[in-house]
Structures are given as C-alpha cells and as structure tokens.
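**Q** next input, structure requested:
(chains A and B)
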Amino acid sequence: MSTVAIDTESVRQLVAQAQQGSRAAVERLIREHEPWVRSAIYAVMGRVDLVDDVVQQVWVRVWQRLATLEDPRRLRAWLYTVARNAAIDACLVEQRQQALTRPLEADARTPERRRDGPFGAAAGHELQETLLRAVQALPVIYREPFVLRHLEDWSYAEIGEALGISVDTVETRLVRARRLLREMLQGKVEL
Amino acid sequence: MNFGSDKLERLLSRHLDGECTPAEEQLLRALLRREREAQTLLNEYRSLDQQVGDALRQALGRPARPRAVRASWARVGRSVAVAVAACLAALAWLQPRLSPTHPDPHRPQQASAASWFAPMAEGDTVEPLPPGYERPELRVQGTQRDWIVIPGDEPGTYLVIQVDHVRTHVIGVHRDF
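**A** Residues are numbered from 1 along each chain as shown, chains lettered A, B, ... in the order given. Modelled structure (predicted):
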C-alpha cells in the first residue's frame, strides 16, 4: 500500500514538536485534523449525537500516546486508528446504557417525532433523518469508506491507507455501500 | 443489460468517485449511450450520493456542496440549445424588418418568396382566424412549456416562440443481486 504524500516534511516537524510537548504544535495538529477525525468517528458510530464526546476522548488519547508514533508519515493512519478505537469503545458503552434504558426511551421519543408533522421544514428534517438512518443501518465496514468518501472527498488510496485495506477492497466496499443504500432508500426518497 | 451488473456498478461507482481512467470513462460513455438502464442506474446513484452527502454534511455541520454539476449542466445545455435554435429562428424572422435602407453587400440574400421568413409581398393578405378558433393545446405529459418573447420592429409587435422541453424523469428499476 502506498503512503499518500501529505506534505511530509511539515507533518514530520509538526509531530516532532508535538511529541516534545509543544502546546502550539498540538493545537495546530488538532485544528488541522479535527474535521476528518469527526467524520471518522461518525463513520464508525453512525450517530451524530455522540461525535462531540468521542472527539474529546480522541484528543486526550492522542496527547497521551503521541510519543508512540514512530513514523510521522503515518500520522493519518495512526490518528484514524486512535479515533476508531475510541469510537468503538464509546459504541460499547452506549450499547450497554441503551440496553438498560431502552424501554423508557421508546415511550419518551414517540410523541416528539410526530410533533412537527410532514410539512415544510419538518418534511426536510424527515428526509434527512431517513437518509441518516439508512447510513446508520449500513454495516460499519461499508459505512466507513462511504462516509470518508462523501464527507472528506478522500481518494480510494487515502481511504485505503487510513483503514489499512487495499484500494480494491475500498472500491468493493463503496460499491456495496451504494447498492445497500439504494435498496434501503428505494421508495422512501426520490432517486 | 449486456455488460455485467457487478462490472457496471463498479464502473459507475468509480466514475462517481472520480477514480475512472480515461479508457474507463470512454467505455462508460459508450455504455451509457447504448444502454438506457445504465443511464438510469447512474442517475439513481448520483442522486443518492448527492442526497446522502448533503444529509451527512448538514448533520456534521459542514457547508453544503453545490448541486450535481454534471446533471444540471446537461439540462442547462439542452435548454440553451433549444433557446439558441429559437433565437436563430427569431433573427431570421426579424431580418427583413430590420434590414437597412441600403442593403449590406456582405449580408446573405433574403429568403426566397417560398420561405416562411420571406417578407410579405405587395398584395399578400393575412386571412383572419375564424371566430371562436382556438389554437390546439396539444400538451405532452411531462413537458415543461416556456415562451421566448422578442420585441418586433414596431411598438406592440412581438415574436412569441413557444418551447416545449421534454423533461427527463428517472424511473426506478428494481434489481436483485
């Protein structure tokens, strides 16, 4: 697998400064990488409402473990792994909590969703909800490349590098993600 | 579909993601010309990408992306072609009225007397429409009607051109894989 060139020298310097404890370097690293880290977390979890909490955990972990990053060229793949692990951990915690509170939440949510009705902004909201539910329903191995492709515009090579899979596998997963989404959304949205 | 479904989907997916080689793009163009189902599937996937992408960006607070450029450009291109054709027809219609007193030697010859665009000869008359006559309103379902109004050479005269665009609808085709 080829390493995608992302201005290697400046990344190396940035990582080196951050590893030496430079607060400014860490802040810059966060600023430059936070948008796609959020996408990566969403890609794994499929839920927007949990992203903010997990992002905080990711940067804490990055701060704690940055010294273990030996090859700065692999920064993105390394960050992706940290973000993915944090998202998986958060999923497990969320699933445990949901198992305990599900009966109560099911009763509480129903009236709220029906309040707006199918008109105006509410209809647009319904459409967005339908689309996001379909993305959430995708198996995570298909959702990850799909979200990275659509939110970050990453190439197959970039996605492959971040996920640690070949370009062919990225392609196959994207084809299957689109096929599944089309099947799920046919008849529900205008295609 | 002659081209295998799986191969076609891969090709469409690569095309939508901007990963096609020039040879693949050429192959896809040929396929789309030949097979209507391929075009339908491409439209569906493009629409799906656009809608899901918009939903994702909105959910994560990202700025929206401009609408599907290629599809809209294709529609604009068709409309522009129709409009240009209509304008050319209008210019040909107006040409005799706008021609100067001293004809330009470089100007093309006037339309022949048999042409629709020929100026009225002396003694020609226009028969009035019979009372109660209405133009037939033949309207094909699924068309969009536009009018192009061009002012004539005298106040109160206009050339009105009615343009019917055939609108393309995407028809869902269910397929099991």
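**Q** for chain A, which segments count as helices?
**A** A:8-19, A:23-45, A:51-65, A:75-114, A:120-137, A:140-152, A:156-163, A:167-185 (DSSP state H).
**Q** so where is chain B shaky, pLDDT-wise?
**A** Applying pLDDT under 70 to chain B flags residues B:1-3, B:66-83, B:87, B:90, B:92-121, B:124-148, B:152, B:154-158, B:160, B:162-177.
**Q** who are the contact partners of the closest residue to chain A within it?
**A** Proximity of chain B to chain A (Cβ to the nearest Cβ) peaks at B:A55, 3.9 Å away. Any C-beta I mention is one placed from the backbone N, CA and C, and that applies to glycine too. For B:A55, the contacting residues are A:127-128, A:131-132, A:135, by Cβ atoms under 8 Å, 6 or more residues apart in numbering or on different chains.
**Q** try it again at 10 Å.
**A** A:124, A:127-135, A:150, A:189 (Cβ atoms under 10 Å, 6 or more residues apart in numbering or on different chains).
**Q** what of A:L14?
**A** For A:L14, counting by Cβ under 10 Å, 6+ apart, the contacting residues are A:7, A:22, A:24-26, A:28-29, A:32, A:72, A:75.
**Q** tell me how far it lies from A:T8.
**A** Using Cβ to Cβ, to the nearest Å, one gets 11 Å for the distance from A:L14 to A:T8.
**Q** tell me, what's touching the two both at once?
**A** Both A:L14 and A:T8 are contacted by A:72, A:75, under the criterion Cβ under 10 Å, 6+ apart.
**Q** on that earlier part again, just the contacts of A:L14 now: which is nearest chain B?
**A** Distances from chain B to these, taken by Cβ to the nearest Cβ, are shortest for A:E32, at 15.9 Å.
**Q** what about that closest one, distance to A:S10?
**A** When A:E32 is compared with A:S10 (using Cβ to Cβ), they lie 10 Å apart.
**Q** domain-wise, how is the chain divided?
**A** This is for chain A. Annotated domains of chain A cover A:7-115, A:118-191 [automatic domain parsing].
**Q** not quite, I wanted chain B
**A** B:5-59, B:81-96+B:143-170.
**Q** and whatever residue of chain A ends up closest to chain B, how close does it get to A:H150?
**A** Closest residue of chain A to chain B, Cβ to the nearest Cβ: A:L131 (3.9 Å). Using Cβ to Cβ, A:L131 is found at 11 Å from A:H150.
**Q** about what we covered before: where among the domains of chain A is average confidence lowest?
**A** When the domains of chain A are compared on mean pLDDT, domain A:7-115 scores lowest, with a mean of 84.
**Q** how far does that one sit from the chain's center?
**A** Computed by Cα atoms, centre = their mean, to the nearest Å, the chain-centroid distance of domain A:7-115 equals 8 Å.
**Q** now do stretch A:151-171
**A** That offset, for stretch A:151-171, works out to 14 Å (Cα atoms, centre = their mean).
**Q** pull out the buried positions in that stretch.
**A** If you call a residue buried by 16 or more other Cβ atoms under 10 Å in any protein chain shown, then stretch A:151-171 has these buried ones: A:151-152, A:154-163, A:165, A:167, A:169-171.
**Q** list residues touching both of A:L131 and A:H150?
**A** B:52-56.
**Q** how deep is B:S5 tucked in, by neighbour count?
**A** Per other Cβ atoms under 10 Å in any protein chain shown, the neighbour tally for B:S5 reads 15.
**Q** which phi and psi does it have?
**A** phi -60, psi -40 (degrees, to the nearest 10).
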